[in-house]
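# Requesting a structural model of the entry that follows:
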Amino acid sequence: MTAYHLDKTDQKILSFLIKNARMPFLEIARECGISGAAIHQRVKKMETSGVIQGSRLIVKPGALGLSVCAFISVTLTENNRYKEVISALKSIPEIVECHFVTGRSSLLLKVYCFDNDHLMEIILNTIQNIPFIQSTDTMISLDESFERQIWVNEYKSTSFREPEADAE
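Numbers count the residues shown, from 1 in each chain. So this is what the prediction gives:
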């Protein structure tokens, strides 16, 4: 994958697509002051370079009856076996995220379940039965305060670092 430099127009395009992945390219073009073909080319370049990894439909878990969100930290008996553990965890549909992390635990999982009994079943009879898992520690989310996609520079922010100018 080649490095891709995002200019202000690319950042503006991404900010629109992050807010609404279905926004028509012609509407984005009007907002950016360039042609629809230019938007299409820029988006294609960002896809090819790996900046954009696709788009997806986001379904709220609660709409499916998944009312319990939990974060489970997993401690392994042997950290060098994490790939085998991750392979087994991938087969559990309730696990929607898995991160290999620093700290006392090796993995951090995000899990959605129908209720606490369902969560207990997943922890005791599924996750803790995977070889090389030593222990788990579970935190239940009481409320999701906010959720968002990665942030893209929106023109005048000072918190987004500008690329350094080439030294001559």
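# Could you grab the helix/strand/coil label for the residue most central in space within the chain?
Nearest to the geometric centre of the chain sits Gln149, at 7.3 Å (Cα atoms, centre = their mean). Assigned by DSSP: H, G, I helix; E, B strand; the rest coil, the conformation of Gln149 is coil.
# so how far is Val96 from it?
In this view, Gln149 and Val96 are 15 Å apart by Cβ to Cβ, to the nearest Å. To be clear about C-beta, it is placed using only N, CA and C from the backbone, and glycine gets the same treatment.
# Tell me where the chain has helices.
Assigned helices in the chain, in chain order: 8-19, 25-32, 36-48, 82-89, 116-125 (criterion: DSSP state H).
# could I get the ones you listed as JSON lines with mean pLDDT, distance to Ser145 and mean neighbour count?
JSON lines is the format used below for the helices of the chain (pLDDT from 0 to 100; distance: least, Cβ to Cβ, whole Å; neighbours: other Cβ atoms under 10 Å):
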{"stretch": "helix 8-19", "mean pLDDT": "91", "distance to Ser145": "19", "mean neighbour count": "17"}
{"stretch": "helix 25-32", "mean pLDDT": "95", "distance to Ser145": "29", "mean neighbour count": "16"}
{"stretch": "helix 36-48", "mean pLDDT": "95", "distance to Ser145": "30", "mean neighbour count": "15"}
{"stretch": "helix 82-89", "mean pLDDT": "96", "distance to Ser145": "26", "mean neighbour count": "15"}
{"stretch": "helix 116-125", "mean pLDDT": "98", "distance to Ser145": "21", "mean neighbour count": "15"}
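# Make CSV from the ones you listed and add distance to Val74 to it.
Converted to CSV, the helices of the chain look like this (distance: least, Cβ to Cβ, whole Å):
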stretch, distance to Val74
helix 8-19, 30
helix 25-32, 41
helix 36-48, 33
helix 82-89, 7
helix 116-125, 10
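# Ok, which of those helices comes nearest Phe100?
Between Phe100 and the helices of the chain, the shortest separation by Cβ to Cβ is 5.8 Å, and it involves helix 82-89.
# what's in contact with that closest one?
Residues outside helix 82-89 that contact it (Cβ atoms under 8 Å, 6 or more residues apart in numbering): 74, 76, 95, 98, 100, 106-107, 109, 127, 130-133.
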